[in-house]
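A.B. asks: Okay, structure incoming, though there's no sequence with it:
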């Protein structure tokens, strides 16, 4: 798989995991709802990568080379909203992410997996993810959990093992 830009339009599901991708510009895929890109060589998932993905609901970027929240997830694409506003499931497990930045735009997120990264803290903006049901933050460097987390009305599952959380 050398390029994701020239795939047939109309895809709703794309699994390009376990390749050697260092770039993931998918191109115009207006119906794509699920994109799986785990176990590649991605260092970012930039604004161009998600520009043509207005219906994206699930994104898996596990086990890549990410050091921060991918820029495509917070940047608005043209005149439209950011990809963050459509995502229900985001998985960033097993990268080297030390900073999530703001999660304020993730209003539809129900599952977030940022386990096995280098997070020392969760941003207070986690409270803006009001639909969050599952949060996986195990195997990071967390010392505390923000109070905003405990005010999320739909949170059902919190996995925080393997951190340095103190009472």
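C.D. replies: Nice, thanks for sending it over. Quick caveat, the model's predicted, so the values are computed rather than measured.

A.B. asks: how about residue 7, what does it touch?
C.D. replies: 14, 26, 27, 29 (Cβ atoms under 8 Å, 6 or more residues apart in numbering). Where C-beta positions appear, they are placed from N, C-alpha and C, glycine not excepted.

A.B. asks: ok, of those, which come out buried?
C.D. replies: Neighbour-count burial (16 or more other Cβ atoms under 10 Å) applied to the contacts of residue 7 gives 14, 26, 27, 29.

A.B. asks: Point out the other helices and strands that the helix or strand bottoming out on mean pLDDT in the chain packs with.
C.D. replies: Using mean pLDDT, DSSP states H and E, the weakest-scoring helix or strand in the chain turns out to be helix 47-50, at a mean of 82. Helices and strands touching helix 47-50, as assessed by 3 or more Cβ pairs under 8 Å, 6 or more residues apart in numbering; DSSP states H and E, are absent.

A.B. asks: May I see the buried residues of that helix?
C.D. replies: 47, 48, 49, 50.

A.B. asks: before we move on, what about stretch 56-67?
C.D. replies: Residues of stretch 56-67 classed as buried by neighbour count (16+ other Cβ under 10 Å): 56, 57, 58, 59, 60, 61, 62, 63, 64, 66.

A.B. asks: what sits up against it?
C.D. replies: Outside stretch 56-67, the residues touching it (Cβ under 8 Å, 6+ apart) are 17, 32-45, 50, 70, 73, 83, 86-98, 113.
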